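# Build me a model:
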Amino acid sequence: MPSPVPLSRLRRGSPSTHLEPVGSPDRYLPGSPTPLRHFFIKSGFVCGSPVAAKQVPAELQVGEKIGAGSFGVVYRGVYCGHHVAVKRMHRRQGLSEGDDISKKSFLAELNVKSLQHPNLVTLLAAWMQPHFRYGLCNDGDVEEKSHEGTGILIMELLAGPSLYTRLFSMDTPISDRSCLEVGRGLAAGLSYLHGRGIVHLDVRPANAIMVGSGVKLCDFGCSQRLEPPSHKGRGSPTGAGGGGAYTHRAPELLRGERASASNDIYSLAVTLWQMWALCQPYGPDGSAALYNVVAHGRRPDFPLQWPPFPVGPSLRRLIEACWQADEASRPLACHIEDATVKLLQELAG
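You can find the predicted model right below:
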């Protein structure tokens with residue numbers, strides 16, 4: 001029987017599963033932004049019109065590397081006197097398909113350039129840094145030619161670890177209350193995105209940053225805009241979906257269908273399950289389970305040590321509703337936010 005998962009969905013270049021902090025010496029990022037890709041935010045107002053290079057404020061200072069993924073590397077930095085996170089997109093020499101994927105990821109990050117929400121990482125500025133190459137003119141002279149190069153993203157800098165690190169790399173276990181607060185925050189952020197016609201398509205612990213007792217959703221490199229969004233936050237996207245980690249990807253996306261807001265709800269369900277199960281969905285080799293996820297409706301197994309009454313049964317019902325096969329029957333993000341608030345109230349007793 002043929003696999004229900006298109007091979008194109010499993011091609012090399014999908015996002016990594018988590019961020020790994022590493023060290024790097026301080027240095028400056030050479031070059032200046034081009035006028036075609038730059039915008040900046042002041043007092044909550046986004047200027048998206050082209051800006052001349054001479055209008056770009058002071059040089060960007062880049063410090064230690066703090067994270068890495070398939071599409072880019074994240075550094076600490078200082079931009080216009082403010083401490084920021086700097087994401088420099090990869091350029092894959094000699095791989096035209098890789099270059100195209102990286103560019104699409106960079107442009108997808110810009111979907112949130114005008115958005116500000118307590119549960120979303122704020123994008124402050126972005127531009128495409130030019131690269132230069134040399135060639136011979138007809139008269140034999142050497143000619144310098146610029147061409148589109150590396151995408152640079154400037155984001156707010158957050159001190160907290162990723163949810164993935166908090167769950168799997170820290171000695172102190174995360175409390176039920178903290179898990180519910182994270183679930184509420186992720187649902188609130190998704191509700192805000194969906195209400196503006198944007199789907200994230202890569203919701204998972206690695207893409208959620210802990211901020212005190214709350215959380216901020218980050219990494220919008222797989223996001224898409226829906227055209228037009230309906231009042232329920234569902235609609236038709238500009239292109240076929242398929243981004244994100246396969247272990248958290250909705251079965252309809254694994255089949256190659258078009259994206260919708262309900263895809264994020266499925267991914268949120270797997271993330272909620274993972275916060276209490278404290279393991280990877282489908283074990284260390286999740287790829288072997290993809291066929292059963294699509295063809296037979298398999299979902300991650302609930303552990304025996306599930307949270308007790310009253311939170312446990314209600315939480316399980318919520319998760320099962322969010323990852324059900326019929327995407328039209330999955331709850332909206334705003335309803336999940338309300339449900340987690342009620343669970344927090346039950347937990348407080």
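
# And residue 277, how far from residue 155?
As judged by C-beta to C-beta, to the nearest Å, residue 277 and residue 155 stand 30 Å apart. To be clear about C-beta, it is placed using only N, CA and C from the backbone, and glycine gets the same treatment.

# Between these two, which has more neighbouring residues?
residue 155 (23 against 17; other C-beta atoms under 10 Å).

# which SS class is that one?
Recorded secondary structure, residue 155: strand (DSSP: H, G, I helix; E, B strand; the rest coil).

# Show me what it is bridged to.
On the basis of DSSP bridges, residue 155 is bridged to residue 85, residue 123.

# I'd like to know how far it sits from residue 334.
Residue 155 is 25 Å from residue 334, by C-beta to C-beta.

# do residue 88 as well
Counting by C-beta to C-beta, the gap from residue 88 to residue 334 is 35 Å.

# average pLDDT for stretch 105-118?
The average pLDDT within stretch 105-118 is 92.

# buried sites along that stretch?
105, 106, 108, 109, 110, 111, 112, 113, 115, 117 (16 or more other C-beta atoms under 10 Å).

# And stretch 184-199, by the same measure?
For stretch 184-199, the buried set under the neighbour-count rule, 16+ other C-beta under 10 Å, comprises 184-194, 196-199.

# can you tell me which two in those residues are farthest apart?
Largest separation among the buried residues of stretch 184-199 by C-beta to C-beta: 184 and 197, giving 22.5 Å.

# helix/strand/coil for residue 262?
Residue 262 - assigned by three-state DSSP - is helix.

# ok, now which ones touch it?
Under the criterion of C-beta atoms under 8 Å, 6 or more residues apart in numbering, the neighbours of residue 262 are 234, 250, 327, 328, 330.

# now swap in residue 119 and tell me
So residue 119 contacts 185, 186, 188, 189, 192, 214, 215, 216, 217 (C-beta under 8 Å, 6+ apart).

# now it: how far from residue 181?
According to C-beta to C-beta, residue 119 stands 11 Å off from residue 181.

# Between the two, which contacts overlap?
By C-beta under 8 Å, 6+ apart, the residues touching both residue 119 and residue 181 are 214, 215.

# Could the C-alpha coordinates of stretch 195-208 be exported in CSV?
What follows is stretch 195-208, C-alpha atoms only, in CSV (Å, rounded to 0.1, in the frame of the first residue of the first chain):
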residue,chain,number,x,y,z
GLY,A,195,-7.6,36.5,14.1
ARG,A,196,-5.2,38.4,11.7
GLY,A,197,-5.2,35.7,9.1
ILE,A,198,-1.8,34.1,10.0
VAL,A,199,-1.0,30.5,10.9
HIS,A,200,2.3,29.6,12.6
LEU,A,201,2.6,25.9,11.4
ASP,A,202,5.5,25.0,13.7
VAL,A,203,4.1,25.1,17.3
ARG,A,204,6.3,23.0,19.5
PRO,A,205,8.3,23.3,22.7
ALA,A,206,11.4,24.4,20.9
ASN,A,207,9.6,27.4,19.5
ALA,A,208,8.2,28.7,22.8
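
# Now do the helices in the stretch 101-250 of the chain.
163-168, 176-195 (DSSP state H, counting those that start in this stretch).
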